[in-house]
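Enquirer: Sharing a model that was predicted from the sequence below.
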Amino acid sequence: MAEACSLYRLNGVAHVAGSINREPTRCIYSVRRQQNMPLHDRIVPYLERAGLYHLARLNARWFWLDEPLVSGFIERWRPETHTFHMPFGECTITLQDVAYQLRLSVDGLPVSRCFTDFEKFIVEGKPAWEWFQELFGELPPQNKVKHYTVHFTWFHERFRVLPDDATEETVRIYARAYIMMLLSTQLFGDKSENRVHIWWLPFVARLDDMGSYSWGSTALA
């Protein structure tokens, strides 16, 4: 019995698996998803060509996330071995898991290659935002900008409603905004939980080429 109990302890701290039903505050509930961002029919073709359409559908409408279960796995993650130490043994996430569950391409160009384009546009911090304005038609207000990130709410408020009479170029702008949020808040989220990094500009600048990148291997890494 004592041995069985020790399986649910890590570094002398009670594991969340034994507290899921009694201590909901120990569970992760702040996973950022785009459940409040409409997926307009006219931007779907751009998401399909980019290989991100299935990822966009993993929201509250089509996909239920078990936060307590995710919490249990998070507390069992060991950075030394890159594995989850579970009561039944060690396990980890594989490239096959990413390809099967997220349906992201695991073949193609490395995502890091495109960042060289972004580096060329950040001299003195000005050209990058000029590029941003060219791609999105305007700049966010200063109170929504921090370094090279834009607060999620600006994208959400500005690009939530696609006009019925939108031109194809306007649709492309909305598709860029949706993909920027999808990458920053759902696939490659950081500790800010609410900021979109503009280093994705090189990718959304060439929407038709996004499908040629290995998003699956990058997500796994």
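Expert: That came in fine, so what should we check first? Just so it is clear, the structure is predicted and the values come from calculations on it, not from any experiment.
Enquirer: Longest helix of the chain, counting residues only.
Expert: Counting residues, the longest helix found in the chain (DSSP state H) is helix 168-181.
Enquirer: what does it rub up against?
Expert: 34, 37, 39-40, 42-43, 46-47, 50, 52, 56, 135-137, 152, 155-156, 158-159, 162-163, 166, 196, 198, 200, 203-204, 207, 210 (CB atoms under 8 Å, 6 or more residues apart in numbering). In this view, the C-beta of every residue, glycine as well, is placed from N, C-alpha and C.
Enquirer: Can you select the buried ones from those in PyMOL?
Expert: Here is the PyMOL command that selects the buried residues among the contacts of helix 168-181 (16 or more other CB atoms under 10 Å):
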select buried, resi 34+37+39+40+43+46+47+50+52+56+135+136+152+155+156+158+159+162+166+196+198+200+203+204+207+210
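Enquirer: Now do the buried residues in the longest helix of the chain.
Expert: 171, 172, 173, 174, 175, 176, 177, 178, 179, 180, 181.
Enquirer: That helix: how far from the chain's middle?
Expert: Here helix 168-181 is found 16 Å from its chain centre; the criterion is CA atoms, centre = their mean, to the nearest Å.
Enquirer: can I get the CA coordinates of that helix in CSV?
Expert: The C-alpha trace of helix 168-181 is given here as CSV (Å, rounded to 0.1, in the frame of the first residue of the first chain):
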residue,chain,number,x,y,z
GLU,A,168,-10.6,39.0,-51.5
GLU,A,169,-7.8,41.2,-50.3
THR,A,170,-9.7,41.9,-47.1
VAL,A,171,-10.4,38.2,-46.7
ARG,A,172,-6.7,37.6,-46.9
ILE,A,173,-6.1,40.2,-44.2
TYR,A,174,-8.6,38.4,-41.9
ALA,A,175,-7.0,35.1,-42.7
ARG,A,176,-3.6,36.5,-41.7
ALA,A,177,-5.0,37.8,-38.4
TYR,A,178,-6.7,34.4,-37.6
ILE,A,179,-3.5,32.5,-38.4
MET,A,180,-1.4,34.9,-36.3
MET,A,181,-3.7,34.3,-33.3
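Enquirer: what mean pLDDT does it have?
Expert: The average pLDDT within helix 168-181 is 94.
Enquirer: mind checking how far whichever helix or strand comes after it is from the chain centre?
Expert: Proceeding N to C from helix 168-181, the next assigned helix or strand is strand 195-197, under DSSP states H and E. Remark: strand 195-197 is offset 10 Å from the chain centroid, using CA atoms, centre = their mean.
Enquirer: Endpoint to endpoint, stretch 86-101 covers what distance?
Expert: 21 Å (CA to CA, to the nearest Å).
Enquirer: Right, I'll call it a day here.
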